[in-house]
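Engineer: Sequence below, structure please.
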Amino acid sequence: MVGFFFACSEKTNFIPSESFNKIYNEPSFSDFQAIDIAQMEDGGYLILGSIENSFAGQSDVPYVLRTDKEGNFLWDTKLDVSLAEYTNPIPNLRASQGIFHFFCVKKDAQTPVLLRINDANKKVEQVRVYPQIEGDLVYAGQAKDNGTLLTVLSEKCKPDNDLQTRNVELFNLNTNFNIQWNKCYSYSIFIPRNPVSRKVNDNFFWNGSFNANGKDYYFATFLGQENSSVVMFTDNQGEVKGVSFLPFVINSISHITNNRFAMTFVRQRDTNIIINAQFDLDNTSTPSIFGSTFHEINSQARTITKKMNLVNKEVVIIASTLENIPIRVYAFDAQVTTNDLLRGTLTLGRVNPYEIANIIPTTDGGLAIVTNTLVGDRFRRIALLKVSANETNSFVNSCLSTGTCKE
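Structural biologist: Numbers count the residues shown, from 1 in each chain. Reported below is the predicted structural model:
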């Protein structure tokens with residue numbers, strides 16, 4: 001049975017669908033890990049996650065949770081034994097014709113597959129198998145025309161007799177998830193793995209598509225040797241145009257406009273934020289990039305960077321976990337190019353330990369944040385935090401002209 005723990009609100013006109021904080025608790029020894037979130041047409045939420053149960057021999061089994069617009073449980077897949085055939089679901093949820101899909105691996109053949117979430121039948125169905133993809137799936141991002149760009153740490157592309165490094169292979173899929181092209185790249189990268197599950201740590205891999213000065217590009221980031229990162233830019237057929245080598249680890253990145261990117265990165269164990277990083281898209285370079293240090297952010301935690309339109313303003317939202325447990329959301333002005341203008345901050349989840357999985361804008365002008373938390377200081381559970389439009393408006397505009405922020 002699913003239990004809910006509600007956050008308190010001092011507002012007298014509190015409306016449940018506008019703000020809530022819910023933990024989906026289970027009388028189970030399994031651990032539940034959040035991966036991604038999407039909002040459905042009815043205003044409810046679809047959460048992609050995974051289940052791990054060492055007693056049952058299950059590791060990273062795909063898990064789907066569906067809620068209504070107030071975050072109340074509707075259905076999930078924890079009792080679907082057929083999903084035990086699969087492992088390693090990756091971000092992100094990908095939509096096609098209004099139906100959400102995700103990628104994972106079929107255990108018996110270690111073959112990548114595409115699964116479809118059937119909301120009407122409350123189940124998950126296999127749609128497609130990709131035997132031509134050999135290696136570790138790490139990230140499914142946005143490609144041109146609502147297609148999908150898959151980052152794979154390729155078995156085919158890896159250096160000979162080298163178990164610690166692989167080369168990156170990108171697969172471009174159309175809206176029907178058919179492969180349009182795939183390319184191997186010669187940049188040898190380090191594979192960070194969870195020491196227990198040996199699953200690839202996907203925190204360091206991002207990709208996407210964008211247009212700069214009338215030209216279409218794809219980008220992909222990956223982890224290099226000696227705490228470094230590589231950002232690769234290709235044309236829309238996967239041919240390399242530019243490569244940037246950076247002497248730090250990128251935690252998250254988002255395209256802003258033309259050659260401008262916002263990102264977070266770790267340098268000397270501190271998290272840094274920059275909203276106006278400029279890259280040479282058509283040449284190999286080692287750009288000098290310096291951000292502002294945010295000592296309060298846990299440098300080991302997952303960080304999300306996204307450009308959004310909130311309260312009729314283009315902002316860059318950065319969300320992560322603080323050193324003292326809560327989640328903090330930062331809003332920067334996306335249109336200011338001379339410096340990084342912080343518009344406001346918001347701190348959430350002050351009671352339980354939280355770790356962010358993803359953050360999305362909601363149709364009512366608010367924000368939804370899917371996170372991981374602990375129940376009884378032991379069991380990992382999924383939590384959903386909803387921020388109302390009024391709260392979002394307040395925090396996006398909470399910075400004073402002096403640059404001092406209030407919450």
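Engineer: remind me which residues of the stretch 201-350 of the chain are low pLDDT?
Structural biologist: For the stretch 201-350 of the chain, the stretches flagged by pLDDT under 70 are 201-202.
Engineer: Oh, that last question was meant for the stretch 51-200 of the chain, not what I typed.
Structural biologist: 54-58, 158-166, 187-200.
Engineer: again, only this time at 80
Structural biologist: In the predicted model of the stretch 51-200 of the chain, residues 53-59, 155-166, 186-200 satisfy pLDDT under 80.
Engineer: how about the strands in it?
Structural biologist: Under the criterion DSSP state E, counting those that start in this stretch, strands of the stretch 51-200 of the chain are mapped to 58-67, 73-76, 86-87, 94-96, 99-106, 111-118, 123-129, 135-142, 148-154, 165-173, 179-190.
Engineer: Now tabulate those in JSON lines and tack on mean neighbour count and distance to Ala368.
Structural biologist: Backbone N, C-alpha and C define where each C-beta goes, glycine included. Formatted as JSON lines, these follow (neighbours: other CB atoms under 10 Å; distance: least, CB to CB, whole Å):
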{"stretch": "strand 58-67", "mean neighbour count": "22", "distance to Ala368": "10"}
{"stretch": "strand 73-76", "mean neighbour count": "16", "distance to Ala368": "15"}
{"stretch": "strand 86-87", "mean neighbour count": "20", "distance to Ala368": "26"}
{"stretch": "strand 94-96", "mean neighbour count": "19", "distance to Ala368": "16"}
{"stretch": "strand 99-106", "mean neighbour count": "21", "distance to Ala368": "15"}
{"stretch": "strand 111-118", "mean neighbour count": "19", "distance to Ala368": "17"}
{"stretch": "strand 123-129", "mean neighbour count": "15", "distance to Ala368": "21"}
{"stretch": "strand 135-142", "mean neighbour count": "22", "distance to Ala368": "19"}
{"stretch": "strand 148-154", "mean neighbour count": "23", "distance to Ala368": "22"}
{"stretch": "strand 165-173", "mean neighbour count": "22", "distance to Ala368": "26"}
{"stretch": "strand 179-190", "mean neighbour count": "16", "distance to Ala368": "32"}
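Engineer: Could I get those in JSON lines, plus columns for distance to Glu355?
Structural biologist: Output for the strands of the stretch 51-200 of the chain, formatted as JSON lines (distance: least, CB to CB, whole Å):
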{"stretch": "strand 58-67", "distance to Glu355": "16"}
{"stretch": "strand 73-76", "distance to Glu355": "20"}
{"stretch": "strand 86-87", "distance to Glu355": "21"}
{"stretch": "strand 94-96", "distance to Glu355": "23"}
{"stretch": "strand 99-106", "distance to Glu355": "20"}
{"stretch": "strand 111-118", "distance to Glu355": "24"}
{"stretch": "strand 123-129", "distance to Glu355": "24"}
{"stretch": "strand 135-142", "distance to Glu355": "18"}
{"stretch": "strand 148-154", "distance to Glu355": "22"}
{"stretch": "strand 165-173", "distance to Glu355": "26"}
{"stretch": "strand 179-190", "distance to Glu355": "23"}
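Engineer: Noted, bye for now.
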